[in-house]
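**Q** would you be able to build a 3D model of this:
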Amino acid sequence: MRQILLSAALAAGWLMADTRAEDLPRWELGLGLAGLTIPDYRGSDEQRGYLLPLPYIQYRGEVFRIDREGAHGDVFTSDRFKLDLSANAGPPAKSGKNGARSGMPDIDPTIEVGPSLHIFLAHNATRDREWSLRLPLRAAVATDLRQVQRIGWVFAPNLNFEASRLGAGWAVGTAVGPLYASQDYHDYYYEVQPAFATATRPAYNARAGYSGARLSLTASRRFPKFWVGAFARYDNLAGAVFSDSPLVKRKDSFMAGVGIAWILAESSRP
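**A** A predicted model of the protein is given here:
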C-alpha cells in the first residue's frame, strides 16, 4: 500500500500541468486514473507498466503553489529572475523483479527539495509563451515512509519553454538539459557493494559528476469538470560517470504517462 500511495503521488507530480493562474480557482481537488510506462531506474533494460489512482491537487497561492512543477514557493520574483523552493521525485523499483539487481536492496522512492533560480530569456506580450533557463539544486532522500536515507544532491540546469494557452486550450511545456549529481546519489542507484558482487556483477563504486542529459515534454488541458494530461521523458546516459556500472544495461531510458482526473471540489475564489 505504501508503494501504491507513493507511486500515485509521483504520477501526479509528473502529469500535473497548469494554465494561467488568474483564470482558475485558488484551489482544486479531484481524483482519476493514470497509466505509466517507466524503467526500473535510469539505465535499466527492464520497463514496467502501471495503472494507478491519480490525485489531482492544484493550489495557486500568491507565494506557495502546487502545480506541474510540484510543490514550490517563490522566494523572490522580478521580470527577469525568480528564485523559488521546489521539489521533484523518483520512482521505486523492486530488486527481486529486476535481473541486474537480483539479491540487492530495493530502490525506494526518492524526494528532492531545494532552491531553483529561473532566468527569463524571452516571452510574448501576454507572457503565456515563455523561454527560461532554470537552475535547480536539490538535496535528495530515499524513503519507504518508515525510514529516510540521505542520498546526496542533484543539479539539473535546463532550457525550458512553456505555452500556457495553446490552441483549443492546451498547455504544453518542454525542457532539455544535462544532469549532475553527487557520489552518494549515483551510489544509491549504481553502486555494487562487495557483499552483492557476483561473477557477472563485479563490485562497483560510482563517482560524482555528469549524470546524462534529459528531454521532457508535457501537455494538459482543463475542461469544466475534468482534466487530461500527458508527459514523456527521455534520458541519455552516454558519457555519464557511472555508465560503466554493471547495473547500467542500456545507455538511454524512456518513460511516459497519460492521466485523466475528475474535478470534485474547487474554490470560489479565483
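**Q** any weak-confidence spans in this structure?
**A** 1-23, 63, 66-76 (pLDDT under 70).
**Q** show me where it has helices.
**A** Assigned by DSSP state H, the chain shows helices spanning 2-15, 183-190.
**Q** and for Gly114, nearest residue in space, chain neighbours not counted?
**A** Of all residues not flanking Gly114 in the chain, Arg138 sits nearest, at 3.5 Å (Cβ to Cβ, 6 or more residues apart in numbering). For every residue, glycine as well, the C-beta is placed using N, CA and C.
**Q** look up which residues are beta-bridged to the one you found.
**A** Val154 (DSSP bridges).
**Q** do the same with the one 4 residues further on
**A** Assessed by DSSP bridges, Ala142 has beta-bridge partners Thr110, Gln149.
**Q** so it touches Asp108, yeah?
**A** Yes. Ala142 lies in contact with Asp108 (Cβ atoms under 8 Å); the separation is 4.3 Å.
**Q** those two: who's more crowded?
**A** Shown here are Ala142 and Asp108; by other Cβ atoms under 10 Å, Asp108 has more neighbours (24 against 20).
**Q** list the contacts for that one?
**A** 92, 142-144, 149 (Cβ atoms under 8 Å, 6 or more residues apart in numbering).
**Q** let's see that with 6 Å instead.
**A** Asp108 makes contact with 92, 142-144, according to Cβ atoms under 6 Å, 6 or more residues apart in numbering.
**Q** closest to Arg101 among those residues?
**A** Pro92 (12.2 Å; Cβ to Cβ).
**Q** which residue is the nearest non-sequential neighbour of the closest one?
**A** Nearest to Pro92 is Pro109, by Cβ to Cβ, 6+ apart, at 4.7 Å.
**Q** same check, this time on Asn124
**A** According to Cβ to Cβ, 6+ apart, the nearest residue to Asn124 is Glu130 (7.7 Å).
**Q** compute the distance between the one you found and Arg80, please.
**A** Noted for Glu130: a distance of 12 Å to Arg80, by Cβ to Cβ, to the nearest Å.
**Q** comparing these two, which residue is more hemmed in?
**A** For Glu130 versus Arg80, neighbours defined as other Cβ under 10 Å are more numerous around Glu130 (18 against 10).
**Q** quick check: that one touching Leu121?
**A** No. Using Cβ atoms under 6 Å, Glu130 makes no contact with Leu121, being 8.2 Å away.
**Q** hmm, Ala122 is touching Arg129, no?
**A** No. Using Cβ under 6 Å, Ala122 is not in contact with Arg129; the gap is 8.9 Å.
**Q** neighbour count for these two, which is higher?
**A** More neighbours surround Arg129 than the other of Ala122 and Arg129, with 16 against 9 (other Cβ under 10 Å).
**Q** if I pick the more buried one, what's in contact with it?
**A** Shown in contact with Arg129 (Cβ under 6 Å, 6+ apart): Ala163.
**Q** list the beta-bridge partners for it.
**A** With DSSP bridges as the rule, Arg129 is bridged to Ala163.
**Q** give me phi/psi at Lys251?
**A** Dihedral pair for Lys251: phi -100, psi 10, per degrees, to the nearest 10.
**Q** from Gly212, how far off is it?
**A** For Lys251 relative to Gly212 (Cβ to Cβ), the value is 8 Å.
**Q** sorry, back to before: list phi and psi for the residue nearest to Pro92.
**A** Main-chain torsions, Pro109, degrees, to the nearest 10: phi -60, psi 150.
**Q** that older thread, quick one: the residue nearest to Gly114 and Gly152 touch, right?
**A** No. In this structure, Arg138 is not within contact of Gly152 by Cβ under 6 Å, at 10.0 Å.
**Q** hmm, back to that, so the residue nearest to Asn124 versus Trp170, what's the distance?
**A** From Glu130 to Trp170 the distance is 16 Å (Cβ to Cβ).
**Q** contacting residues for Arg233?
**A** Per Cβ under 6 Å, 6+ apart, neighbours of Arg233: 216, 255.
**Q** if it is in a bridge, with which residues?
**A** Going by DSSP bridges, Arg233 forms beta bridges with Ser216, Met255.
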